[in-house]
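J.: okay, sequence plus prediction incoming.
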Amino acid sequence: MPGITREEVAHLARLSRLELQAEELDHFAEQLDVIIGAVARVSEVAGQDVPPTSHPLPLTNVMRADEVRPSLTPEQALSGAPAAEEQRFRVPQILGED
Amino acid sequence: MTDLIKYTAADTAAAIASGQVSAVEVAQAHLDRIDAVDKKVNAFLHVDTEGALAAARAVDAKRAKGEELGPLAGVPLALKDVFTTQGIPTTCGSKILEGWVPPYDATLTSRLKDAGVVILGKTNMDEFAMGSSTENSAYGVTGNPWDLSRIPGGSGGGSAAALAAYEAPLAIGTDTGGSIRQPGAVTGTVGVKPTYGSVSRYGLIAFSSSLDQGGPCARTVLDAALLHEAIAGHDPLDSTSIDAPVPAVVAAAKLRDVRGMRIGVVKEFAGEGYQAGVMQRFNESVELLRELGAEVVEVSCPSFTLALPAYYLIAPSEASSNLARFDAMRYGLRVGDDGTRSAEDVTALTREAGFGPEVKRRIILGTYALSSGYYDAYYGSAQKVRTLISRDFDAAFAGVDVLISPTTPTTAFPIGERADDPMAMYLADLCTIPSNLAGNAAMSLPCGLAPEDNLPVGLQIIAPAMADDRLYRVGGAVEAALNDKWGHPLLEEAPAL
Amino acid sequence: MNLVSYDDALASYDPVMGLEVHVELGTKTKMFCGCSTTLGAEPNSQTCPTCLGLPGSLPVVNAIGVESAVKIGLALNCEIAEWCRFARKNYFYPDMPKNFQTSQYDEPIAFNGYLDVQLEDGEIFRVEIERAHMEEDTGKSSHIGGATGRIHGASHSLLDYNRAGIPLIEIVTKPIEGAGVRAPEVAKAYVAELRELIKALGVSEARMDKGQMRCDVNLSLRPHGREKFGTRSETKNVNSLRSVERAARYEIMRHATVLDDGGTIVQETRHFHEEDGSTTAGRIKDNAEDYRYFPEPDLVPIAPARAWVEELRAALPELPRVRRARLQGEWGLSDKDMQSVLNAGAVQPILETIAAGAPADQARKWWMGELARRSNETGTDLSEQPITPAQVARVCALVAEGKLNDKLARQVIEGVLAGEGEPDEVVAKRGLAVVSDDSALGAAVDQAIAENAAIADKIRDGKVAAVGALVGAVMKTTRGQADAARVKDLILERLAAEGQ
Ligand SMILES: [Mg+2]
Ligand SMILES: [Zn+2]
């Protein structure tokens, strides 16, 4: 199985929104390489005709009736907000869309 | 009445119900104990003195009015900081949630309150329950009351240490890969991971959704059973909650009879990496069970050797997604919002500052395992391993009622020993992980001290899903026989704090 | 940029389209929690731990959300999955509380269907449906400090999560090929037909102006005769029928211009501008876009029981196309007339007017005449005119009773539209009732005969057809309020009596 490079770790950090420091990148790349080397053993079963289990319970169709339940008050909803304005969550400028 | 802190939960409840002692006295005794020892142990992240006394007063008032009290009314409890508590800070051991006060109670929290349990406070844990030593907490490590320079296990080290230090007779943990059982084993206490889906996860801050399970921690098997019954049962707010009656665990704990039971020893959980003293106490437990009238056979579960790798793909994958919500927008820490930075940058800076190294490591590992190019090889294969492990369990349980193994390969290791060696750390959960992957029930209870270091060894009992009562039946019998042999509970051998 | 003309573009290329429509369901509560979905509530007043993505919260599926998805799937002639799951689509965005969207991925609840749409010339075009799946909406951000609420130049944004978690059904077509020059028309007709279908199913009001139905137009061109699809652009949130058509048309011309120039199309999202019908580039879709889908571990699979699916199928309402054919027959309209009724959006108002007691031809006459003209002039929907079908029906009744003639009826309608009240009130206030009282009309008739002696003579001589001119004179003096038939009788009576 292939190992993991520093560049890959940097890419994964961007995907997962972690502003890693340079030393961290080096350190994680080293450790993750070892970890991935160890866990890659699972691919021994990749070819086997075994159904995947994503969940330990054999439940299906768990649903709720379309009935309104009490919401939080706006004060409660906003109680943990780092910043709020006009009863909304205030966040820094958003990039990307538009 | 310093003795009050040594009472079992069952005895405490009985004493309160009969009026021998008030719930407030019990709560105060434990608050005093916390005051006296927790600077050393660091089991608690937050002590809710006012809330605990108010809850105790409510129990006393109820009793004064002649109302019926539940089986745990007035009993103090230490709650792992992974469950939300309305109005009480909940950090999950992370800096990213420092100061967060949830506007809602977890289902488990409400059930405890409804049962009249007195919540003393929130206990320390590895950040987001990721770890086996509580060293990954943003708020300092917890000491093992048997030897404060050693780890109390993790992630629920705070809960286990609180029990072992007599700061609370009951505690709550969560077990994703062993985080109830392994701390139980290394602190000489009892910990149970109930069947997946039997204790609501609503309000349990998710680490790995398909593996996480809340459960009871106590100093005795019966106390664990009483707590188990208080917290288990169907919850419509959790889609993965089992809608079926909770097995009669209290009755099973009182049975103390294993005659005629078939018990399987998992062959794969032995050999290299297993401490001699751990194997010695485990083998004595096997003998003890034979003496008590159980039939013990050896059972092979070959896929268990792939459990650890599968776990370290599945849990980080789910975690990478579950922890994405900590983005500095709606709650928790926000770093770098100086008016010039974008939301995107503030999120990245906050996560960098707010998460510890183990959490970051697992987020990156999980992100990797779920990436389109690697999904099949890693996440997909890990899910297949899960199927194979369930098949091994099914085959084993076709022939035996329960399986047993050591809970952990070693006793408590020194703080710092494995802190920067993730692979060595991960081995602590070798024997506990298969039950998380398959969703069945398992317990750890003390089975003696390893002769070489005089530290507790845990015996793991594993039962099929929804047969949690078998854990208590076996555990209750072993506990009674060992206490007879020793003349006292194991914890009495712990050094005074 | 100087664009290649539409005709020139089509002379060289075939357009291939993919349409993705998001429909907000009209359930009482959100997809995964019990918060209300009522529009217009105070910010963040319809949120809970689950739809705010608070730590520890968990989703539970709304049963009506699933039922609505199955209904939509069935109406789109889809297969309904025997077993399907939700997945997590992982990406960071502040309007998404968990930073993943709970959606469906490789296991949608409905797949492999089609929708037949009728083009303006009556031809039926079959649009194949890839899938219809369940997901959740995001919160709403307002951008502060920039120009007109745009994201660029904004200093910060404010987030309201009332909309977060509202159930969405995403309906994705297979690549639509072979529409040629009519591709934009097909796109519009498809979205229009889908909207009618959703409304007929009663699962959503599907108001595009309120964002309850939103369309993404994916488009690529390939030179005639080539099999392989070209690179596509994805024009997001095109939120009216007319815009869908314009966006497709613009992208055809833009792609052709780039390709003719030897350029390459970049795969990117684009934004449509109502003002001039153009699109501009948004985010470039690079390979960093990796949603890391995996099965949602907090939810269990959905396995719609076959018997239940068949029950829902049997209970499906008459679908719009079938219904239209039936109404056309009942109303006795030509294809062309029916098409104009459809184009005007008059089916529902006419039906309701008939239901309120008006004859079909009368109902159609008012809605397609006076009212359609007005809605055209004001650029508003017919259904949004300030007059109800019941009021139109009342006007028809007054005409039938002889209390109003056509001209007066028109004035009554005007009065209702002007907010003067119910038809009867307008009649009273404006004094519009037809005068058929002989004594009231007598003087006017006498006056007309006296002032038009020559015409009166002709009538006396037997040229009865000339009576129209005298009736006209009477109508003029009575300002149109006279009962014309009665006036005619009176004139003829008088002149005949004189002659004896
Ligand atoms: Mg979508
Ligand atoms: Zn909600």
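T.: Yep, that arrived. Ligands and ions are numbered 1, 2, ... in the order given.

J.: C:Trp308 and chain A: what is the separation?
T.: Look at C:Trp308 and chain A: by Cβ to the nearest Cβ, to the nearest Å, they are 10 Å apart. In short, each C-beta sits where N, CA and C put it, glycine included.

J.: revised request: answer the last question for B:Gly188.
T.: B:Gly188 sits at a distance of 29 Å from chain A (criterion: Cβ to the nearest Cβ).

J.: what about the nearest residue to that residue once chain neighbours are set aside, how many residues nearby?
T.: Nearest non-adjacent residue to B:Gly188, counting by Cβ to Cβ, 6 or more residues apart in numbering or on different chains: B:Pro456, 3.4 Å away. For B:Pro456, the count of nearby residues is 30 (other Cβ atoms under 10 Å in any protein chain shown).

J.: for B:Pro456, which three-state class applies?
T.: Assigned by DSSP: H, G, I helix; E, B strand; the rest coil, the conformation of B:Pro456 is strand.

J.: for it, name its beta-bridge partners.
T.: Under the criterion DSSP bridges, B:Pro456 forms beta bridges with B:Leu449.

J.: surely it meets B:Thr408?
T.: No. B:Pro456 lies out of contact with B:Thr408 (Cβ atoms under 8 Å); the separation is 10.0 Å.

J.: so what sits against both of these two?
T.: B:Ala185, B:Val186 (Cβ atoms under 8 Å, 6 or more residues apart in numbering or on different chains).

J.: the residue nearest to B:Gly188: what's it in contact with?
T.: By Cβ under 8 Å, 6+ apart, the neighbours of B:Pro456 are B:Trp146, B:Ala185, B:Val186, B:Thr187, B:Gly188, B:Thr411, B:Ala412, B:Pro446, B:Gly448, B:Leu449, B:Ala450, B:Leu490.

J.: hmm, B:Val190 and the last one touching each other?
T.: No. Between B:Leu490 and B:Val190 no contact is recorded; they are 10.4 Å apart, counting by Cβ under 8 Å.

J.: looking at those two, which one has more neighbours?
T.: Using other Cβ under 10 Å as the criterion, B:Leu490 and B:Val190 rank with B:Val190 on top: 32 against 20.

J.: so which elements touch the helix or strand where A:Ala38 lies?
T.: Taking DSSP states H and E as the criterion, A:Ala38 maps to helix A:22-39. Secondary-structure packing of helix A:22-39 (3 or more Cβ pairs under 8 Å, 6 or more residues apart in numbering or on different chains; DSSP states H and E): helix A:6-15, helix B:307-322, helix B:357-370, helix B:422-426.

J.: among those, which is the most enclosed?
T.: Of those, the one with the most neighbours on average (mean count of other Cβ atoms under 10 Å in any protein chain shown) is helix B:307-322, at a mean of 28.

J.: how big is the angle separating it from helix A:22-39?
T.: Inter-element angle recorded for helix B:307-322 and helix A:22-39: 140 degrees (by axes from the mean of the first three to the mean of the last three Cα atoms, to 10 degrees).

J.: tell me what the helix or strand following helix B:307-322 is packed against?
T.: Following helix B:307-322 in sequence order, the next helix or strand is helix B:343-354 (DSSP H and E). For helix B:343-354, the packing partners by 3+ Cβ pairs under 8 Å, 6+ apart come out as strand A:88-92.
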